[in-house]
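J.: sequence and computational prediction follow.
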Amino acid sequence: MRHFDLVIIGSGSGNSLPDERFAELDIAVVEHGTFGGTCLNVGCIPTKMYVYASDVAREISEAARYGIDATVDKIRWTDIRDRIFNRIDPISEGGRRYRAEGSANITLYPGHAVFTGPNQLSVALLAGGVQKITADRIVVAAGARPMIPSVVAEAGVRYLTSDTVMRIDQLPERMVVLGGGYIGAEFAHVFSSLGTEVTVVTRGAGLLRHLDETISHRFTELSMDRWHVHTNAEIRQVRGNGAGVALELTDGTSLEAEVLLVAAGRQPNSDQLGVAAGGIATHEDGRIVVDEYQRTSAPGVYALGDISSPYQLKHVANHEAKTVAHNLANPGAQRRSDLRFVPSAVFTSPPVATVGLTEDECREQGLRYVCAVQEYSSVAYGWAMEDTTGFCKLLADPATGQLLGAHLLGPQASVLVQPLIQAMSFGLPARQMATGQYWIHPALPEVVENALLSLPLD
């Protein structure tokens with residue numbers, strides 16, 4: 001049994017921990033999947049590269065409203081796919097090779113780790129055999145995986161997930177997307193923009209229901225014009241047929257498609273690590289319990305990223321990795337993760353970006369708040385884009401002017417939200433933000449300026 005100073009389980013954000021501060025430590029990195037984690041291989045980066053290509057195709061198809069007649073002559077799916085993975089796969093392999101060969105104090109174990117006791121692991125090596133290791137300190141950063149409803153898992157049919165759909169060889173004519181959250185919304189946009197007929201099935205009353213009600217309502221309405229959307233519906237039965245799959249929904253609808261894409265959420269991988277044997281507590285949903293310092297219930301064991309965070313966002317995992325690295329290097333001066341104002345974006349069409357409280361959350365917490373909604377169509381750049389659907393919604397404390405939440409739907413939403421994140425993070429009141437600086441005219445950020453000015457503050 002080999003002993004290490006530090007073991008890191010997972011090669012995503014956890015792989016960023018070892019730097020010059022840990023050069024004297026004997027470290028092991030354990031990875032049972034593709035090196036580099038979710039974001040690089042099956043998440044943020046490849047999906048957004050697909051989204052960009054889809055955005056281009058959609059812009060071309062809608063160019064007539066600007067007086068430009070244009071058509072998309074052909075979608076070369078394999079060229080789109082290969083442009084993405086011919087860049088990503090070498091990065092993943094390069095990272096693996098560097099950890100395996102280029103770090104004198106780091107041992108890479110390609111294999112699956114399971115806790116067998118406090119600070120003890122058994123690693124089933126991909127090449128065969130088992131390596132038992134112990135460590136003074138362990139970081140669990142093993143991520144999450146797609147959640148598969150039992151009605152699909154037990155049907156014995158072929159289905160795809162966000163982990164597999166991006167590498168298919170042929171663009172399907174018809175696709176059913178199971179799930180109305182951000183993963184389903186992004187892939188529905190990608191495939192429909194490239195020519196696939198998309199049907200979205202969600203058990204909720206609308207799409208993106210985890211977001212602010214105004215965002216969810218308008219996005220659902222717009223989506224119904226683009227896709228076949230079944231709300232308040234679940235799969236009653238699914239079976240294979242010659243073309244792909246046939247589904248019966250609880251609303252009585254029958255569907256057929258070449259591809260069933262399951263986008264019903266993601267579950268932490270803690271159930272595959274035997275964490276209870278390591279003395280590591282979990283929430284009911286499987287997330288590892290951590291405190292504000294990213295410490296688990298087991299002494300010397302930290303966790304970060306999707307396996308412990310309710311946010312499942314790469315920028316959160318990166319932030320938590322920095323917290324863990326600091327705390328490992330400075331055990332006497334522990335640092336807290338700052339999760340006060342966590343932003344997120346949905347790269348669909350129209351794009352969505354949000355930070356802070358929703359209106360429902362303000363009501364649930366009994367907060368006194370005011371609201372302003374500014375349409376993109378009210379500013380000159382919105383006219384230039386002929387945008388009739390985008391908006392910026394702000395929530396603020398009427399007494400202090402402090403922003404409580406910001407919710408945008410429309411082009412460049414993930415960019416426009418950034419100054420609002422900054423204002424919330426550094427306590428800049430809405431009126432001061434609006435009047436204390438220049439806003440370029442005519443530019444799209446004027447929709448944010450006008451929303452700030454429209455807040456009915458005391």
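T.: The structure has been received and is ready for your questions.

J.: tell me what the longest helix anywhere in the chain is packed against?
T.: As assigned by DSSP state H, the longest helix anywhere in the chain is helix 77-101. The contact analysis (3 or more Cβ pairs under 8 Å, 6 or more residues apart in numbering; DSSP states H and E) places helix 77-101 against helix 37-41, helix 44-61, strand 106-117. Just so you know, the C-beta spots here come from the backbone N, C-alpha and C atoms, and that holds for glycine as well.

J.: neighbours of the residue nearest to Gln365 when sequence neighbours are not counted, how many?
T.: Spatially, and ignoring its direct neighbours in sequence, Gln365 is nearest to Leu357 (7.5 Å; Cβ to Cβ, 6 or more residues apart in numbering). Residues within reach of Leu357, counting by other Cβ atoms under 10 Å, total 21.

J.: for stretch 418-433, the distance to its chain's centre please.
T.: How far stretch 418-433 lies from its chain's middle: 24 Å, per Cα atoms, centre = their mean, to the nearest Å.

J.: buried ones in that stretch?
T.: By neighbour count on 16 or more other Cβ atoms under 10 Å, the buried set for stretch 418-433 is 419-421, 423-424, 428-430, 433.

J.: dump the residue contacts of the residue nearest to Gln365.
T.: Contact analysis of Leu357 by Cβ atoms under 8 Å, 6 or more residues apart in numbering lists 365, 367, 395, 404-405.

J.: re earlier: most tightly packed of the helices and strands packed on helix 77-101?
T.: Ranked by mean neighbour count under mean count of other Cβ atoms under 10 Å, those are led by helix 37-41, which reaches a mean of 23.

J.: what comes into contact with that one?
T.: By Cβ under 8 Å, 6+ apart, the list of residues contacting helix 37-41 reads 10-15, 33-34, 43-45, 88, 91-92, 143-144, 306, 314, 317.

J.: starting at the chain centroid, how far to that helix?
T.: Distance of helix 37-41 from its chain centroid, counting by Cα atoms, centre = their mean, is 11 Å.

J.: where does pLDDT dip in the stretch 1-150 of the chain?
T.: For the stretch 1-150 of the chain, no stretch has pLDDT under 70.

J.: returning to that earlier point: of the contacts of helix 37-41, keep whichever come out buried.
T.: 10-15, 33-34, 43-45, 88, 92, 143-144, 306, 314, 317.

J.: ranges for the strands of the stretch 251-400 of the chain?
T.: 254-257, 259-262, 266-268, 301-303, 344-346, 352-356, 370-375, 391-396 (DSSP state E, counting those that start in this stretch).

J.: between those strands, which one is closest to Val324.
T.: strand 301-303 (4.8 Å; Cβ to Cβ).

J.: mean confidence score for the closest one?
T.: Predicted confidence along strand 301-303 averages 98 (mean pLDDT).

J.: nearest to Gln267, of the helices and strands packed on helix 77-101?
T.: helix 37-41 (12.6 Å).

J.: which residue is the nearest non-sequential neighbour of Gln412?
T.: Closest residue in space to Gln412, ignoring its immediate chain neighbours: Leu444 at 5.8 Å, by Cβ to Cβ, 6+ apart.

J.: spit out the contact partners of the one you found.
T.: For Leu444, the contact set (Cβ under 8 Å, 6+ apart) comprises 376, 379, 381-382, 411-412, 416.
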